[in-house]
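> Could you look at this predicted model? Sequence included:
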Amino acid sequence: MTVTKVGVLGARGKVGTAICEAVRAAEDLELVAEVDHGDPLGMLTDAGAEVVVDFTHPDVVMDNLEFCITHGIHAVVGTTGFTDERLETLRGLLSSHAETGVLVAPNFAIGAILMMRFAVQAARYFPSAEIVELHHPNKADAPSGTAHRTAEMMATARTAAGMGPCPDATSTELEGARGADVGGVRVHSVRVTGLVAHQEVILGTQGETLTIRHDSLDRSSFAPGVLLGVRSISRAPGLTVGLDAFMDL
Ligand SMILES: NC(=O)C1=CN([C@@H]2O[C@H](COP(=O)(O)OP(=O)(O)OC[C@H]3O[C@@H](n4cnc5c(N)ncnc54)[C@H](OP(=O)(O)O)[C@@H]3O)[C@@H](O)[C@H]2O)C=CC1
Ligand SMILES: O=C(O)C1=N[C@H](C(=O)O)C[C@H](O)C1
C-alpha cells in the first residue's frame with residue numbers, strides 16, 4: 001500500500017482538528033506536519049508533505065498556496081474567500097508547476113455538494129430563488145463560500161434557461177433587509193451561537209415552493225470529502241474547483 005504524507009495548515013482550528021484526526025485514522029495516509037498560526041511553512045517541506053490540506057483564513061490562504069505550489073506540494077483547500085481573481089492567480093502560479101494539483105472546494109460535506117447540485121437543477125424551473133445560510137458567529141466571512149458559489153451557479157443556470165430577474169416588487173428597503181445580491185439571487189446570512197453550518201435554498205413558482213436544506217451538525221462532516229480530495233489530487237494537475245469533480249454524480 002502506498003502511503004501519502006499529509007500536512008495540515010490550520011491544524012489547531014475547528015475544522016483542522018477534525019481533519020488531523022481523520023488523517024491519523026486513515027491507513028493510507030500519514031500526518032507528517034500540523035501547522036498553525038505562527039509556525040513556519042518550512043515544516044511542510046522538512047516533513048516531506050506530498051499533499052497539504054488548508055483550513056486557515058481567507059487573509060493567509062493565498063500565501064500558503066504560493067508556498068505549496070512553488071514547492072510542488074499538492075493542496076486541498078477548504079478555506080473560503082476565493083474570488084475569480086484569486087482563482088486566476090492560482091492558475092498563473094500552477095502554469096509553471098505543471099505536475100502540481102490544487103483543489104479549492106467551498107464545501108467538503110457530501111450532502112452540501114448534493115444540495116448545491118439539486119439547487120442548480122431546480123433553478124431553471126422556479127422564477128423565485130433565495131438562499132439562507134446559517135452559521136456559528138465565529139465565522140470570518142459572509143456570505144459563506146458555499147452560499148456564494150450556489151448563488152453563482154444558480155444564476156448561470158437561470159440565465160442559460162432564459163429566465164428573467166426574480167420577481168420582487170420591493171421599492172423601499174432598509175439597507176440589507178433583502179440580503180446580498182449574487183447574480184440576481186438574494187443571499188441572507190444568519191450568525192447564531194449553537195449553529196455549525198447550514199444552508200437553505202428556497203425556490204418558488206405559482207402555488208408551490210421547494211426548499212432544499214443541508215445541515216452540517218458536526219465538523220467531522222467535512223472529513224470524508226477532504227480525504228477524497230487528498231487521495232485524488234495527485235492525479236489532477238492544475239486547478240480544480242469543487243469536490244464534485246472527483247465524485248461520480
Ligand atoms: N470547504 C469546507 O468544507 C469548509 C470550509 N471552512 C472554511 O475553513 C476556514 C477555517 O474555518 P475554521 O476551522 O472554522 O476556522 P478556525 O478559526 O477555527 O481555524 C483556523 C485556524 O487556522 C489558523 N491560522 C491562521 N493563520 C494561519 C497561518 N498563516 N498558517 C497556519 N494556520 C493559520 C488559526 O489560528 P489563529 O486562530 O490563532 O489565527 C486557526 O487555528 C474558513 O475559511 C471556513 O470558512 C470551514 C468549514 C468547512
Ligand atoms: O466557516 C464555516 O464554518 C464554513 N465555511 C464554509 C463556507 O463558507 O461555505 C463551509 C461551511 O459552510 C462551513
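That came through fine. Ligands and ions are numbered 1, 2, ... in the order given.
> Point to the residue nearest the middle of the chain.
Pro106 (0.8 Å; Cα atoms, centre = their mean).
> Give the closest residue to that one in space, chain neighbours not counted.
Closest residue to Pro106 apart from its sequence neighbours, by Cβ to Cβ, 6 or more residues apart in numbering: Gly145 at 3.5 Å. The C-beta positions use only the backbone N, C-alpha and C, and glycine is treated the same way.
> hang on, the earlier thing: next one: the residue nearest to the centre of the chain from His74, what distance?
Look at Pro106 and His74: by Cβ to Cβ, to the nearest Å, they are 19 Å apart.
> and if you look at Val15?
19 Å.
> The two: who's more crowded?
His74 (26 against 23; other Cβ atoms under 10 Å).
> beta partners of the more buried one?
Note on His74: beta-bridge partners Val51, judged by DSSP bridges.
> Quick one: name the residues of this protein near ligand 2.
Thr80, Pro106, Asn107, His135, Lys139, Ser144, Gly145, Thr146, Ala197 (Cβ under 6 Å from any ligand atom).
> isn't Val35 right next to Arg12, touching?
No: taking Cβ atoms under 8 Å as the definition, Val35 is not a contact partner of Arg12, at 9.2 Å.
> and the two? which has more neighbours close in?
Val35 (24 against 13).
> For that one, give its distance to Val196.
In terms of Cβ to Cβ, Val35 sits 24 Å off from Val196.
> before we move on, what about Pro58?
19 Å.
> Please apply the same query to Ser220.
10 Å.
> One more: Ile110?
Applying Cβ to Cβ to Ile110 and Val196 gives a distance of 15 Å.
> Looking at these two, which has the bigger crowd around it?
Ile110 (17 against 14).
> which ones are touching the closest residue in space to Asp36 that isn't next to it in sequence?
Nearest residue to Asp36, sequence neighbours excluded (Cβ to Cβ, 6+ apart): Arg12, at 4.3 Å. Residues in contact with Arg12 (Cβ atoms under 8 Å, 6 or more residues apart in numbering) are Glu34, Asp36, His37.
> Assign Arg12 to helix, strand or coil.
At Arg12 the chain is in coil, as set by DSSP: H, G, I helix; E, B strand; the rest coil.
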